[in-house]
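In: Build me a model from this:
(one chain, ligands or ions: 2)
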Amino acid sequence: MTRTPVNVTVTGAAGQIGYALLFRIASGHLLGPDVPVRLRLLEIPQAVKAAEGTAMELDDCAFPLLSGIDITDDAKTAFDGVNIALLVGARPRTKGMERGDLLEANGGIFKPQGEAINAGAADDVRVLVVGNPANTNALIAQQHAPDVPAERFTAMTRLDHNRALSQLAKKLGVTVSDIKKLTIWGNHSATQYPDLFHAEVNGQVAAQAVNDQDWLENTFIPTVAKRGAAIIEARGASSAASAANAAIDHVYSWVNGTPEGDWTSAAVVSDGSYGVPEGLISSFPVVAKDGRYEIVQGLEIDDFSRARIDASVAELVEERDAVKALGLI
Ligand SMILES: NC(=O)C1=CN([C@@H]2O[C@H](COP(=O)(O)OP(=O)(O)OC[C@H]3O[C@@H](n4cnc5c(N)ncnc54)[C@H](O)[C@@H]3O)[C@@H](O)[C@H]2O)C=CC1
Ligand SMILES: O=C([O-])CC(=O)C(=O)O
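Out: Ligands and ions are numbered 1, 2, ... in the order given. As a prediction, this is how the structure comes out:
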């Protein structure tokens, strides 16, 4: 293998998503079957030993594409020369914690990580934030990386997108490959809006193919939007393998492009499209071309969709204002 390895940094590497993610990165699913990778694992000091255990297992897989693993508890070291940064580690909400406390605790993580990316990342760095609240954590990191083009900071709504594909495919008795142009709008939270009015199923508008407004409004949207909580309820732990899978999908699409005639969903920095305030990191329909995510333009938004997009964006504005008030951005 003569190609220079791509430096991939994973934060929260010893966590449950990290465990589901690292083996797939090392086996070539993140970037492609001919791209060697070098892994950097960032953890808090107490979890470095567990990350070392995962690294031992990665060694034991003898992945031909894995050219090395470094483990550190220092953000500067972790992001030095990084090409792909997967920010998974975050402070989970614990009992009695208010939303503001959670935002503040995560500010303490994503501010220094943004600064470290600004200081040392490779010119082509691409950042995906998975750790919740993902959109606002991405905003905090992005705001502390002024030398990195803002478009390189994204947050993950691909899991919501994949969840919506599966729910719709089941309802219509089709396969997920029959569905195109599905969109998740807004925040990765229960206010998100999975949109079937622009989606197509074998060429027909998905909402028409469903032809059941009650299902769309009272079953489909809440099932997708509250799926994270349903998984926690069923599994006793939050989504891990499906979240890792979505992170792989997000980066793979970003680097390798979305198929002609289709798009996907990602939370990207708003340029003001669809009335989403400029600078917010909000989910949109996006195509990936030449290594860039671009917001799909020109979709007509009816009143039903408008109200739901606006509600989710309003929540993002609130989160942004809260982290601003805390001095985190
Ligand atoms: N955007 C999305 O669709 C989804 C997001 N998530 C979020 O992903 C995050 C990770 O989930 P899990 O892996 O299940 O959590 P986990 O608790 O199993 O692992 C998190 C890891 O992050 C580490 N960590 C904490 N602070 C860190 C720091 N400053 N630097 C580096 N590492 C740090 C912890 O030591 C821990 O090992 C959570 O915030 C979760 O809510 C989960 C599922 C889907
Ligand atoms: O809901 C959670 O805490 C985890 C999450 O983000 C998801 O599964 O979508």
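In: What does the pLDDT read for the residue nearest to A241 when sequence neighbours are not counted?
Out: Leaving aside its chain neighbours, A241 sits nearest to A20 (4.4 Å; criterion: Cβ to Cβ, 6 or more residues apart in numbering). C-beta coordinates here come from the backbone N, C-alpha and C atoms, glycine included. Looking at A20, its pLDDT reads 98.
In: any idea how far A20 is from L87?
Out: 16 Å (Cβ to Cβ, to the nearest Å).
In: Between these two, tell me which one has more neighbours.
Out: L87 (28 against 18; other Cβ atoms under 10 Å).
In: what about the strands in the chain?
Out: Secondary structure of the chain (DSSP state E): strands located at 6-11, 37-42, 66-72, 84-87, 126-129, 153-155, 179-180, 183-185, 193-195, 200-201, 204-205, 264-269, 281-289, 292-295.
In: Tabulate those strands (a markdown table), appending distance to G120 and mean pLDDT.
Out: Compiled in a markdown table, those are given as follows (distance: least, Cβ to Cβ, whole Å; pLDDT from 0 to 100):
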| stretch | distance to G120 | mean pLDDT |
| --- | --- | --- |
| strand 6-11 | 10 | 98 |
| strand 37-42 | 11 | 98 |
| strand 66-72 | 12 | 98 |
| strand 84-87 | 11 | 98 |
| strand 126-129 | 13 | 98 |
| strand 153-155 | 16 | 99 |
| strand 179-180 | 39 | 98 |
| strand 183-185 | 32 | 99 |
| strand 193-195 | 37 | 98 |
| strand 200-201 | 43 | 98 |
| strand 204-205 | 47 | 98 |
| strand 264-269 | 21 | 99 |
| strand 281-289 | 22 | 98 |
| strand 292-295 | 22 | 98 |
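In: want to try JSON lines for these, with distance to Q167 as columns?
Out: Converted to JSON lines, those look like this (distance: least, Cβ to Cβ, whole Å):
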{"stretch": "strand 6-11", "distance to Q167": "29"}
{"stretch": "strand 37-42", "distance to Q167": "33"}
{"stretch": "strand 66-72", "distance to Q167": "35"}
{"stretch": "strand 84-87", "distance to Q167": "26"}
{"stretch": "strand 126-129", "distance to Q167": "23"}
{"stretch": "strand 153-155", "distance to Q167": "22"}
{"stretch": "strand 179-180", "distance to Q167": "10"}
{"stretch": "strand 183-185", "distance to Q167": "12"}
{"stretch": "strand 193-195", "distance to Q167": "8"}
{"stretch": "strand 200-201", "distance to Q167": "13"}
{"stretch": "strand 204-205", "distance to Q167": "17"}
{"stretch": "strand 264-269", "distance to Q167": "14"}
{"stretch": "strand 281-289", "distance to Q167": "17"}
{"stretch": "strand 292-295", "distance to Q167": "24"}
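In: Output these in JSON lines, with distance to ligand 2 appended to each entry.
Out: JSON lines is the format used below for the strands of the chain (distance: least, Cβ to the nearest ligand atom, whole Å):
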{"stretch": "strand 6-11", "distance to ligand 2": "16"}
{"stretch": "strand 37-42", "distance to ligand 2": "20"}
{"stretch": "strand 66-72", "distance to ligand 2": "25"}
{"stretch": "strand 84-87", "distance to ligand 2": "14"}
{"stretch": "strand 126-129", "distance to ligand 2": "12"}
{"stretch": "strand 153-155", "distance to ligand 2": "11"}
{"stretch": "strand 179-180", "distance to ligand 2": "20"}
{"stretch": "strand 183-185", "distance to ligand 2": "11"}
{"stretch": "strand 193-195", "distance to ligand 2": "13"}
{"stretch": "strand 200-201", "distance to ligand 2": "24"}
{"stretch": "strand 204-205", "distance to ligand 2": "27"}
{"stretch": "strand 264-269", "distance to ligand 2": "12"}
{"stretch": "strand 281-289", "distance to ligand 2": "12"}
{"stretch": "strand 292-295", "distance to ligand 2": "20"}
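In: In the protein, which residue sits closest to ligand 1?
Out: Proximity of the chain to ligand 1 (Cβ to the nearest ligand atom) peaks at G15, 1.9 Å away.
In: Can you get me a residue count around the residue lying closest to L87 once chain neighbours are set aside?
Out: Nearest residue to L87 in three dimensions, chain neighbours excluded: V129, at 4.6 Å (Cβ to Cβ, 6+ apart). Counted with other Cβ under 10 Å, the neighbours of V129 add up to 33.
In: if I read this right, V129 contacts T157, doesn't it?
Out: No: V129 is beyond contact range of T157, at 10.8 Å (criterion: Cβ atoms under 8 Å).
In: Mind listing the shared neighbours of the two?
Out: The overlap between the contact sets of V129 and T157 (Cβ atoms under 8 Å, 6 or more residues apart in numbering) is empty.
In: contacting residues around N245?
Out: Counting by Cβ under 8 Å, 6+ apart, N245 touches A20, R24, L159, N162.
In: Which ones among those also lie next to ligand 1?
Out: Restricting the contacts of N245 to those near ligand 1 by Cβ under 6 Å from any ligand atom leaves L159.
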